[in-house]
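Undergrad: only geometry, no sequence info:
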């Protein structure tokens, strides 16, 4: 189709919109924002007649590359360390995609603009396509990789996993609570505009460096749709800005959306890129360097800062603190260490770090070895069963962390951990912004304003609480992370598939039972809780316990 005919067709579609006169519409998913009908334009006009041929061509390229990968023996060359982490990544990522598809109808009734409805409908189709090609990629890995265990069960497993539950809460944020908060600010204005840069651009580059050129093919096909999604979010943002009563809510939601995206996406993608790679070239960008370029410069400075001319207060402090956590506080390294600590409750194998890895980390993050080197050496030493427990139950100078009630990533930067009694329960938070989200932002009243459409962070949010008092062997059996022989664990702290070197349920039965830090916290007296908090925040990097008084 010519560009002129696309524009005419796009205009004609708007004439099909009407307001029903025969009934009063019922709002299924409400919002506390107010919108006036306005002719805000969809800057990327798209109609199905041009959309489907374009997407069909992209799918041909994706599936053609997959066929080529099999014929070219890609799976004989790809790094196992990399593909093992894809068992977690490819189990989680289809859920945010399909949640994004479900989020679009939330906006149909809350944003009174037929032109944007057209863009939102096409985004919904995009997101279903993304989820489909991603799950197909996982299926292809499962059928061709040397160790399919984990790929074959992750759809039913990730939602109750030691790590995967974090991804689940992230994705469900697109479809819960206030429709504009969830489906517009959290999803399109922050997640897609900022964090898909590291997710769908930086991460595929790392995949290619590890011999995996299928993930780049699939995820570049996904990223090529994001410009339309970004335009949907920006157009909705401009509509919201036109009513000054929305500024208070926009500022609240930008703070929440930015911080939760940073806490979850940087934790996951940073770990995959830094600890899932075997590419240790000194001229390769670290995650911190990628983040500074893709998110700080390209999103914050060129997208967020210009919004100040509309009178919107931008969360400069949170963006600077996110960078501070990544560069100065070792956020990604703390997360990777935590993931590896609880390897027994995962469904993939986590490769120990080697001297080559140590050298690269020290080069990119000066001082890394002094903080994390000894722990990773212990991880390597304890990786093969030899009469000892898995590392989570051994004394390796590591204090098991509390979970953050909001983002569900543990409170790994110990000095930043805060506590609050909310809804009758003592909760721990990884940071002040996460406490603010739960205790202040996600409430039916915000700064004296009624906000009945905001959700709340409720339920059993902490993995450890689900299994408090259980034997570790029973936990792993309950989650289904056992291989076909009925005893060998799917997860391993190494990549050696020799049965004599793999951990089994029998090894776990000798371990102390699982203890939920949150359950124990709520059983403490006020004095005990205060002492615990002081001790926790005095702890050192890499989970080192606070020095004895």
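TA: That came through fine. All figures in this text were calculated on a predicted structure; none of them were measured in a lab.

Undergrad: Phi, psi for the residue nearest to residue 108 when sequence neighbours are not counted please.
TA: What sits nearest to residue 108 in space, not counting adjacent residues and going by C-beta to C-beta, 6 or more residues apart in numbering, is residue 117, at 5.6 Å. Where you see a C-beta, it was placed from the backbone N, CA and C, and this is true even at glycine. Per-residue torsions, residue 117: phi -60, psi -40 (degrees, to the nearest 10).

Undergrad: Distance-wise, check residue 117 relative to residue 179.
TA: Residue 117 sits at a distance of 14 Å from residue 179 (criterion: C-beta to C-beta, to the nearest Å).

Undergrad: wait, isn't the residue nearest to residue 108 in contact with residue 111?
TA: Yes: Residue 117 lies in contact with residue 111 (C-beta atoms under 8 Å); the separation is 7.5 Å.

Undergrad: These two: which is more packed in?
TA: residue 111 (25 against 21; other C-beta atoms under 10 Å).

Undergrad: Please report the distance of that one from residue 284.
TA: 42 Å.

Undergrad: low-scoring stretches of the stretch 1-150 of the chain, by residue?
TA: 1-7, 9-27, 37-48 (pLDDT under 70).

Undergrad: rerun that using 80 as the cut-off
TA: 1-29, 37-50, 114-115 (pLDDT under 80).

Undergrad: Which stretches in the stretch 51-200 of the chain count as helices?
TA: 80-92, 94-108, 114-144, 154-157, 164-172, 179-180, 196-197 (DSSP state H, counting those that start in this stretch).

Undergrad: do the same with the stretch 201-350 of the chain
TA: 203-209, 214-223, 226-241, 247-261, 267-275, 287-291, 316-327, 331-341.

Undergrad: Looking at those helices, which is nearest to residue 122?
TA: helix 226-241 (6.7 Å; C-beta to C-beta).

Undergrad: so where's the protein uncertain?
TA: Those would be 1-29, 37-50, 114-115, 154-160, 549, if you go by pLDDT under 80 across the chain.

Undergrad: isn't residue 359 right next to residue 280, touching?
TA: Yes: if you go by C-beta under 8 Å, residue 359 and residue 280 touch, sitting 7.3 Å apart.

Undergrad: For burial, what's the neighbour tally of residue 123?
TA: Residue 123 has 26 neighbouring residues, counting by other C-beta under 10 Å.

Undergrad: Correction: the previous question concerned residue 447.
TA: Residue 447: 10 neighbours (other C-beta under 10 Å).

Undergrad: mind giving me JSON lines with the helices of the stretch 201-350 of the chain and columns for mean neighbour count?
TA: Output for the helices of the stretch 201-350 of the chain, formatted as JSON lines (neighbours: other C-beta atoms under 10 Å):
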{"stretch": "helix 203-209", "mean neighbour count": "20"}
{"stretch": "helix 214-223", "mean neighbour count": "22"}
{"stretch": "helix 226-241", "mean neighbour count": "21"}
{"stretch": "helix 247-261", "mean neighbour count": "22"}
{"stretch": "helix 267-275", "mean neighbour count": "24"}
{"stretch": "helix 287-291", "mean neighbour count": "21"}
{"stretch": "helix 316-327", "mean neighbour count": "17"}
{"stretch": "helix 331-341", "mean neighbour count": "23"}
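
Undergrad: Excluding chain neighbours, give the residue nearest to residue 282 in space.
TA: residue 363 (5.9 Å).

Undergrad: Quick one: list the elements packing against the host helix or strand of that neighbour.
TA: Following DSSP states H and E, the helix or strand that holds residue 363 is helix 355-364. Counting contacts by 3 or more C-beta pairs under 8 Å, 6 or more residues apart in numbering; DSSP states H and E, helix 355-364 packs against helix 368.

Undergrad: and the angle for the following helix or strand past the helix it packs on with helix 355-364?
TA: Scanning forward in sequence from helix 368 by DSSP H and E, the next helix or strand is helix 374-381. Relative orientation of helix 374-381 and helix 355-364, computed by axes from the mean of the first three to the mean of the last three C-alpha atoms, to 10 degrees: 170 degrees.

Undergrad: quick one: contacts for residue 266?
TA: Residues near residue 266 by C-beta atoms under 8 Å, 6 or more residues apart in numbering: 195, 198, 287, 291, 322, 326, 331, 332.

Undergrad: what would these look like in TSV with distance to residue 355?
TA: Shown next, in TSV, are the contacts of residue 266 (distance: C-beta to C-beta, whole Å):
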residue	distance to residue 355
195	33
198	28
287	21
291	26
322	31
326	25
331	24
332	20
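
Undergrad: Residue 150: which of these is nearest?
TA: residue 332 (22.4 Å).

Undergrad: Spit out the contact partners of that closest one.
TA: Per C-beta under 8 Å, 6+ apart, neighbours of residue 332: 266, 267, 270, 271, 274, 287, 288, 326.

Undergrad: Can you convert those residues into a markdown table and add a column each for distance to residue 438?
TA: Shown next, in a markdown table, are the contacts of residue 332 (distance: C-beta to C-beta, whole Å):
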| residue | distance to residue 438 |
| --- | --- |
| 266 | 20 |
| 267 | 18 |
| 270 | 24 |
| 271 | 24 |
| 274 | 29 |
| 287 | 27 |
| 288 | 28 |
| 326 | 23 |
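
Undergrad: Run a quick neighbour tally on the residue nearest to residue 504 when sequence neighbours are not counted.
TA: Leaving aside its chain neighbours, residue 504 sits nearest to residue 487 (4.6 Å; criterion: C-beta to C-beta, 6+ apart). A count of neighbours around residue 487, defined by other C-beta under 10 Å, yields 15.

Undergrad: Numbering from 53 from now on, please.
TA: Sounds good: first residue 53 from here, last item residue 539.

Undergrad: Residue 539 contacts residue 555, doesn't it?
TA: No: under the criterion of C-beta under 8 Å, residue 539 makes no contact with residue 555, lying 9.8 Å away.

Undergrad: Residue 183 versus residue 147, what's the distance?
TA: Computed as C-beta to C-beta, the residue 147 to residue 183 distance reads 8 Å.

Undergrad: again with residue 584
TA: 42 Å.

Undergrad: Equivalent analysis for residue 167, please.
TA: 26 Å.

Undergrad: same check, this time on residue 334
TA: With C-beta to C-beta as the criterion, residue 334 and residue 183 are 37 Å apart.

Undergrad: Of the two, give the one with the bigger neighbour count.
TA: Using other C-beta under 10 Å, the more surrounded residue of residue 334 and residue 183 is residue 183, with 20 against 8.

Undergrad: Thought residue 151 was touching the more buried one, still the case?
TA: No: Residue 183 lies out of contact with residue 151 (C-beta under 8 Å); the separation is 9.2 Å.

Undergrad: residues in contact with the nearest residue to residue 367 once chain neighbours are set aside?
TA: Spatial nearest neighbour of residue 367, excluding adjacent residues (C-beta to C-beta, 6+ apart): residue 307 at 4.7 Å. Listed by C-beta under 8 Å, 6+ apart, the contact set of residue 307 reads 367, 370, 485, 488, 493.

Undergrad: correct me, but residue 287 touches residue 172?
TA: No: checked against C-beta under 8 Å, the pair residue 287 and residue 172 is beyond contact range at 9.9 Å.

Undergrad: one step back: spit out the residues that contact residue 169 and residue 231 alike.
TA: With C-beta under 8 Å, 6+ apart as the test, residue 169 and residue 231 both reach residue 159.

Undergrad: right, and residue 392 touches residue 432 too?
TA: No: Residue 392 is beyond contact range of residue 432, at 10.5 Å (criterion: C-beta under 8 Å).

Undergrad: intersection of neighbour lists for the two?
TA: What both residue 392 and residue 432 touch, as defined by C-beta under 8 Å, 6+ apart, is an empty set.
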